[in-house]
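just need the structure, nothing else, for what follows:
(one chain, ligands or ions: 1)
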Amino acid sequence: MTALRDADIDPVAKDLRGQLTDLNGCSKDLPSRYSAISIFDNWVSRLPIEGRTAGQMPLFCKSEDLRPSYCVDVFGSLQEFDVLELGSFEGGHSYQLEKSNVRSLTCIESNPQSFLKSLIIKEAMHMRASFLFGDFLQYLAQCKKTFDLIFASGVLYHMEDPLNLLHLIAQHTDRIFLWTLYNSETVASSTPVFKTRVLGGYSCRYFRYDYNNENSGRIYSGNDSYCCRMTRDDILVDRL
Ligand SMILES: C[S@@+](CC[C@H](N)C(=O)[O-])C[C@H]1O[C@@H](n2cnc3c(N)ncnc32)[C@H](O)[C@@H]1O
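Sure, this is the predicted structure:
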């Protein structure tokens, strides 16, 4: 057998070989269920693991971030619930939802770094949840399943077409948890209307917000270069 020469290897394979032999970042630490946390040094969430300093946001903490437990307060036990979480970020709310003993939990996240962090959390915290990498709009548009609850925290106001997200959610569940920013009527009255969106016979105003890519929070916002905000009344109208 003759040895392969560099010239015989196609450029993509050569690139891959380069990555595989790059020893930067290889760990010499004691392996443990928590050790992969140190792969990232930019965690936003405070992690529920003693001795692990990460970020400051208490997304995993039931007593400080009440959003997941609010669902139990409103809907009662989630034990029989198949739950879909949109924009699961680093897995903090996913962790809390799973602690509420949901029957199943599917979490969708489009940011590769946040998604990989969720997998690290899943392993570290022995979670059952299924974390999927991709665009939840595509998922909702194509998936035929229905869910007992869709948990949508911090995502509506990052949409280019928020009414479309509400419309898609309504096709998959009768219960939604929605936490979102909105434009107050005071702000709306002094902001130019970007467009009037009409969907299913319902129309509402969109107010455009352009992202600043230099902003550190940009990695956990939306997938598009801008988003559209709605008013509270337009979000809550009972007509979708
Ligand atoms: C502001 S963060 C909210 C994170 C968390 N749900 C919370 O309430 O703290 C928005 C998250 O949704 C994700 N996201 C935004 N648009 C998405 C999309 N179309 N599909 C999947 N994930 C998306 C972002 O990457 C980010 O992690």
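
pull the number of nearby residues for S27.
When neighbours are counted by other Cβ atoms under 10 Å, S27 registers 10. (C-beta placed from N, C-alpha, C; glycine too.)

quick check, it in contact with I37.
No - counting by Cβ atoms under 8 Å, S27 stays clear of I37, with 11.3 Å between them.

which residues of this structure lie near the ligand?
59, 87, 89, 93, 108-111, 114, 135-137, 153-155, 158, 220-223 (Cβ under 6 Å from any ligand atom).

can you do 8 Å?
Contact residues (Cβ under 8 Å from any ligand atom) of the chain with the ligand: 57, 59, 65, 67, 85-90, 92-93, 108-111, 114, 134-139, 151-155, 158-159, 179, 217, 219-223.

quick one: V155 and G87 touch, right?
Yes - with contact defined as Cβ under 8 Å, V155 reaches G87; the gap is 4.1 Å.

any common contacting residues for these two?
Common neighbours of V155 and G87 (criterion: Cβ atoms under 8 Å, 6 or more residues apart in numbering): F136.

residue contacts, the one residue in the chain that gets nearest to the ligand?
Shortest the chain-to-the ligand distance, computed as Cβ to the nearest ligand atom: residue-wise this is G87, at 2.4 Å. G87 sits next to I108, E109, S110, F136, A152, S153, G154, V155, H158 when contact means Cβ under 8 Å, 6+ apart.

which of the residues of the chain next to the ligand are buried?
Among those, the ones that count as buried by 16 or more other Cβ atoms under 10 Å are 57, 59, 65, 67, 85-90, 92-93, 108-111, 114, 136-137, 139, 151-155, 158-159, 220-222.

can you give me the helices in the protein?
Secondary structure of the chain, counting by DSSP state H: helices at 11-20, 67-75, 92-99, 112-124, 136-142, 162-170, 185-189, 232-236.

how about the second one: buried residues?
By neighbour count, with 16+ other Cβ under 10 Å as the criterion, the buried positions of helix 67-75 are R67, P68, S69, C71, V72.
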